[in-house]
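Model the structure of this input:
(one chain, ligands or ions: 2)
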Amino acid sequence: MELNIAVLSGDGIGPEVTNQAIKALNAIALEFNHNFKFKTADVGAVAIDNCNDPLPKDTLSLCKTSDAILFGAIGHPKYDNNPSAKVRPEQGLLKLRKELGLYANIRPVKAYQTLLDKSPLKKHIIEGTDISIYRELTGGIYFGEKYLSEDENVASDLCMYSREEIERITHLAFKAAQNRRRKVTLVDKANVLESSRLWRKVVTEVAKDYKDVELDFLFVDNAAMQMILNPKQFDVVLTENMFGDIISDEASVIGGSIGLLASASVGDKYAMFEPIHGSFPQATGKDIANPIASILSAAMLLEHFELFNEAKLIRMAVEKSLKLDITTPDINTKYDNITTSRVGEFIEDFILNPNDTNMN
Ligand code: IPM
Ligand code: MN
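Residues are numbered from 1 along each chain as shown. Ligands and ions are numbered 1, 2, ... in the order given. I've put the predicted structure just below:
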């Protein structure tokens, strides 16, 4: 298969981790005779530095002419510490999601058998957890009208949703559940928010098309508690933009590190694959960031194009690296010197020589 992949590695550790995903994809191309072409473009703080625009026109048009996008990370402390900055790196990512219509962000959360003791949560609580979070990505409070009074003492962000925005991701969530354990949990705040009441109404209606799937509701505050009290109860979690952002960072504790969580952002036309972690500025350039989220995002990219054996090989390589403790310091308690690039090389070697069990 020929695939043109736009690489937007972005800020902080973005380039370091994305490079490892590219290594893995190149190894897959070699092993399975595919032709993957990569083109890079700026986004985020780097793009602001280079052309004062967090999403330059050329970057957007590259994305629109590519088959898929591999995204790194976004954000820089100089903006975090300056809340009044008008141009911000995050705007690049948000605009990209909006312009490309990437309305569904799928975030798998899983407790790896070999990492059960890495989570601060008890083993019996997390063992067997396998959740797929469906986060709405182009609506809600992230994109509603913003207001700041002239004296800058009053501000607001509007949370708005339309029936259509809710319906389209709900169909995806229910279809996913049909291939899983057939349960969808809608996370909302319908006891307080009008927008959440619309979610409940629309999701309940859509659910009638999927009689084989059980639909459950949880208020977000309770869901936040249930996520670490009893995560095994969840199969597909469906939720709006901001609740999904928060709940998925929380859920990353189950896996042992946020550096393991990959995601796919999909719409009707385009697809982008991005780790859920941020730009981790403290680690930038140190070769210590966990590249697994980026590598697993590459696996999700392959699955998107139905290259299931290819994706499976990446996942096998990842599991092997976890088993052998070829992992970065965030999850490594055995060795303290395994770098980002070392993990990437291990995964690459495994893909090229899957039967060579003595490779390390
Ligand atoms: C994420 C990130 C982004 C978000 C930021 C960087 C805008 O936290 O992908 O989860 O809030 O969506
Ligand atoms: Mn987030």
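
Determine the number of other residues adjacent to C51.
C51 has 13 neighbours, counted by other Cβ atoms under 10 Å. Glycine gets a C-beta too; all of them are placed from N, C-alpha and C.

phi, psi of the closest residue to ligand 1 within the stretch 151-300 of the chain?
Nearest residue of the stretch 151-300 of the chain to ligand 1: D245, at 4.5 Å (Cβ to the nearest ligand atom). The phi/psi pair for D245 (degrees, to the nearest 10) reads phi -60, psi -50.

Which residues are in contact with the closest residue to it other than its chain neighbours?
Take D245 and drop its neighbours on the chain: the residue closest to it by Cβ to Cβ, 6 or more residues apart in numbering is R135, 6.8 Å away. With contacts defined as Cβ atoms under 8 Å, 6 or more residues apart in numbering, R135 is in contact with 104-107, 239-241, 243-245, 248.

same thing with D287?
Shown in contact with D287 (Cβ under 8 Å, 6+ apart): 16, 339-341.

and these, which two are the farthest apart?
Farthest-apart pair in these is E16 and T339; separation 9.3 Å (Cβ to Cβ).

So these two - more neighbours on which side?
When E16 and T339 are compared on other Cβ under 10 Å, the one with more neighbours turns out to be E16, at 25 against 16.

Tell me which helix or strand that one sits in.
Using DSSP states H and E, E16 sits within helix 14-32.

next structured bit after that helix?
strand 35-40.

count of residues packed around D349?
So D349, with other Cβ under 10 Å, has 16 neighbours.

Please apply the same query to A207.
Number of residues near A207 (other Cβ under 10 Å) recorded here: 18.

likewise F38?
Residues lying near F38 (other Cβ under 10 Å) number 15.

which ones are touching it?
Counting by Cβ under 8 Å, 6+ apart, F38 touches 5-7, 22, 25, 70.

got it, and V43?
V43 is in contact with 8, 10, 54-56, 59, 71, 74, 92-93, 96, counting by Cβ under 8 Å, 6+ apart.

next one: T333
T333 sits next to 118, 325 when contact means Cβ under 8 Å, 6+ apart.

again with the one 3 residues further on
The neighbourhood of D336, defined by Cβ under 8 Å, 6+ apart, consists of P329.

now it, what's its secondary structure?
At D336, secondary structure determined by DSSP: H, G, I helix; E, B strand; the rest coil is coil.

Relative to G101, how far out is it?
Computed as Cβ to Cβ, to the nearest Å, the D336 to G101 distance reads 44 Å.

cool, and A289?
If you go by Cβ to Cβ, the gap between A289 and G101 works out to 30 Å.

Also L116?
Taking Cβ to Cβ, one finds L116 at 38 Å from G101.

Kindly report the same for K323.
The value you get for K323 to G101, if Cβ to Cβ is used, is 39 Å.

Neighbour count: these two, which is higher?
Just comparing K323 and G101: by other Cβ under 10 Å the higher neighbour count belongs to G101, 16 against 13.

Name the residues of the stretch 51-200 of the chain found near ligand 1, please.
Within the stretch 51-200 of the chain, the positions near ligand 1 by Cβ under 6 Å from any ligand atom are 74-75, 90, 93-94.

Pick out the most distant pair among those.
Within these, two members stand farthest from each other by Cβ to Cβ: G75 and L94, at 12.0 Å.

For this protein, just list every one of the helices.
Under the criterion DSSP state H, the chain carries helices at the ranges 14-32, 45-51, 57-65, 77-80, 89-99, 123-126, 163-178, 194-207, 220-229, 241-255, 292-304, 308-323, 340-352.

got the buried residues for the third one?
Neighbour-count burial for helix 57-65, counted by 16 or more other Cβ atoms under 10 Å, picks out 59-60, 62-63.

just the second one next, same as before
Going by neighbour count (16+ other Cβ under 10 Å), the buried part of helix 45-51 is 45-48.

Quick check, central residue of this protein?
Nearest to the mean C-alpha position of the chain, by Cα atoms, centre = their mean, lies S263 at 2.7 Å.
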